[in-house]
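>>> Task: produce atomic coordinates for the following.
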Amino acid sequence: MIRPCHKHHILLLVFTTLVAARAAKPSLIEQTCKASSNTDPNIKYNVCVNALQAAPASQCANLTRLGLISLRLARDNTSDTRCYIKQLMMKNTTRYSSSTIAIQAKAALSDCYELYSDSIPTLKDATKDYKAKRFLDANIKVSSVIDASVTCEDGFKEVDGASPLTKRNNVTFQLAAMTLSIMNMIQS
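Numbers count the residues shown, from 1 in each chain. Predicted coordinates for the structure are as follows:
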């Protein structure tokens, strides 16, 4: 018969072993982001992990739920970027050297505002498609958000000056690419 003192040692040993085994095994977020970054060079592992881990309830989510979380992150980022563009449009664009360039910068911002404005309902529709398991429809809609971020960035190439939206466009691109990757994993 095991003495009570030894029972506690055995329980502690079993608990420690389970905790150590859990700590050594990568989380679903880490596994998902590793697979995503390995198959798509546009997805950066650290950005993926940090974005998903920061989302509420992501630690307990399954792959399907991670897809919904990534869609929500993309939509929230798109909405926030649209707001940021609106603020830029209201500011004076004197950082550009000539009036022609200022006009081009305002036009590029205006185009980006429209692109991001269109992307918000597109992502809402993609979420409905995702929930209904219409992954092809969701894929097309999420891909259009990637296109919007690229088109926005390209609009500044004709302006003498860097795009004020490069970081935001890159984040939008990555979040949408993460969503596409997760959808592909679910369908596999």
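>>> residue ranges for the helices of this protein, please.
With DSSP state H as the definition, the chain shows helices at residue ranges 4-24, 28-39, 45-54, 63-90, 99-131, 135-154, 166-187.
>>> What is the neighbour count of the closest residue to Lys124 other than its chain neighbours?
Nearest-residue entry for Lys124: Arg75, 6.7 Å, with adjacent residues in sequence omitted and distances by CB to CB, 6 or more residues apart in numbering. In this view, the C-beta of every residue, glycine as well, is placed from N, C-alpha and C. Residues within reach of Arg75, counting by other CB atoms under 10 Å, total 22.
>>> Who are the contact partners of Arg75?
The neighbours of Arg75, taking CB atoms under 8 Å, 6 or more residues apart in numbering as the test, are Ile120, Leu123, Lys124, Thr127.
>>> quick one, which of the helices of the chain is packed in tightest?
Each of the helices of the chain was given a mean neighbour count from mean count of other CB atoms under 10 Å, and the largest, a mean of 21, is that of helix 166-187.
>>> same for that one, what does it pack against?
helix 28-39, helix 45-54, helix 63-90, helix 99-131, helix 135-154 (3 or more CB pairs under 8 Å, 6 or more residues apart in numbering; DSSP states H and E).
>>> can you list those helices in CSV and add distance to Thr172 and mean pLDDT?
Supplementary listing: the helices and strands packed on helix 166-187 in CSV, determined by distance: least, CB to CB, whole Å; pLDDT from 0 to 100:
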stretch, distance to Thr172, mean pLDDT
helix 28-39, 16, 96
helix 45-54, 12, 96
helix 63-90, 6, 96
helix 99-131, 8, 92
helix 135-154, 4, 97
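>>> I'd like those helices written out as TSV, with distance to Asn184 added.
As requested, the helices and strands packed on helix 166-187 are exported to TSV (distance: least, CB to CB, whole Å):
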stretch	distance to Asn184
helix 28-39	8
helix 45-54	14
helix 63-90	10
helix 99-131	12
helix 135-154	8
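>>> and of those, who's closest to Arg168?
Ranking the helices and strands packed on helix 166-187 by proximity to Arg168 (CB to CB) places helix 63-90 first, at 4.6 Å.
>>> Ala176 contacts Asn139, doesn't it?
No. If you go by CB atoms under 8 Å, Ala176 and Asn139 don't touch, sitting 10.4 Å apart.
>>> ok, now which ones touch Ile85?
Ile85 is in contact with Leu109, Cys112, Tyr113, Tyr116, Leu165, counting by CB under 8 Å, 6+ apart.
>>> Correction: the previous question concerned Thr39.
Residues touching Thr39, when contacts are defined by CB under 8 Å, 6+ apart, comprise Ser181, Asn184.
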